[in-house]
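A.B. asks: after the sequence you'll find the predicted model.
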Amino acid sequence: QVDPESICTLWIEGGITVWVQLVDGGRLPFDRDWFASRVVQVKATLPETPLERNERLSEELETACQKYGLTHGEIDWLSFSTTLYLNRQRVGFVGCNLQGQWYSRRSQLGGSRTVVDIDAAIALLGVRQPIAA
C-alpha cells in the first residue's frame, strides 16, 4: 500500500524473499509467491498498453486474413489500419479505432462504417469465406 513513486528498486534474495527498497531508505520484505500473486492482480486492473493492443489486433487481423484467403499491406501501427488484398487485388481498407471498433471502407478516402469485429468489417467489403470443395 505504498505510492509507486516512493519505490526505488526491487530485488529477490535467495529466490524466496522480494525486497522493496523505498526512496526514503526503508525496506519491505515479501514472500515471493505472495508478491507474484499481487502483481498478477494489479496487472489485471491496468489498461491495455498500446503495444499489447497492437499485438492483439495483429493476431485478429492475421486470423481473419487466413480465414478469408486475404493478405494485407503494411500496418499503420499508430492508427492500426491496413489495406486488404484478395489475389493481389485491393479489396479495401480495415482498421480499429480507439474505441475498439473495427471499420472498413472500399477506397482510401471513402467513408468508413464501424462494426463490432473484424469479420463484420471484411463482410462490408463484400468478401466471403471460401467454400471448401
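C.D. replies: Thanks, I have the structure now. Residues are numbered from 1 along each chain as shown.
A.B. asks: just for this protein, where's the confidence low?
C.D. replies: The model of the chain has pLDDT under 70 over residues 132-133.
A.B. asks: how much space between the most centrally placed residue in the chain and residue 60?
C.D. replies: Taking C-alpha atoms, centre = their mean, the centroid of the chain lies closest to residue 53, which sits 1.9 Å from it. Residue 53 sits 11 Å away from residue 60, going by C-beta to C-beta, to the nearest Å. Where C-beta positions appear, they are placed from N, C-alpha and C, glycine not excepted.
A.B. asks: gap between the helix ranked longest in the chain and the chain center?
C.D. replies: Using DSSP state H to define each element, the chain has its longest helix at helix 50-68. Its chain's average C-alpha position is 8 Å from that of helix 50-68, according to C-alpha atoms, centre = their mean, to the nearest Å.
A.B. asks: got it, and stretch 75-94?
C.D. replies: How far stretch 75-94 lies from its chain's middle: 18 Å, per C-alpha atoms, centre = their mean.
A.B. asks: how long is it from one end to the other?
C.D. replies: The first and final residues of stretch 75-94 sit 10 Å from each other (C-alpha to C-alpha, to the nearest Å).
A.B. asks: quick check: bridge partners of residue 83?
C.D. replies: Applying DSSP bridges to residue 83 gives these bridge partners: residue 93.
A.B. asks: which residues sit in contact with it?
C.D. replies: Residue 83 sits next to 72, 73, 90, 92, 93 when contact means C-beta atoms under 8 Å, 6 or more residues apart in numbering.
A.B. asks: any idea which residue of the chain is furthest from its center?
C.D. replies: Here the chain reaches farthest from its C-alpha mean at residue 25, the gap being 37.8 Å by C-alpha atoms, centre = their mean.
A.B. asks: dihedrals phi and psi, it?
C.D. replies: According to degrees, to the nearest 10, the main-chain angles of residue 25 amount to phi 100, psi -10.
A.B. asks: burial measure for the residue nearest to residue 75 when sequence neighbours are not counted, as a count.
C.D. replies: Closest residue to residue 75 apart from its sequence neighbours, by C-beta to C-beta, 6 or more residues apart in numbering: residue 82 at 4.7 Å. By the criterion of other C-beta atoms under 10 Å, residue 82 has 19 neighbours.
A.B. asks: cool, thanks, signing off.
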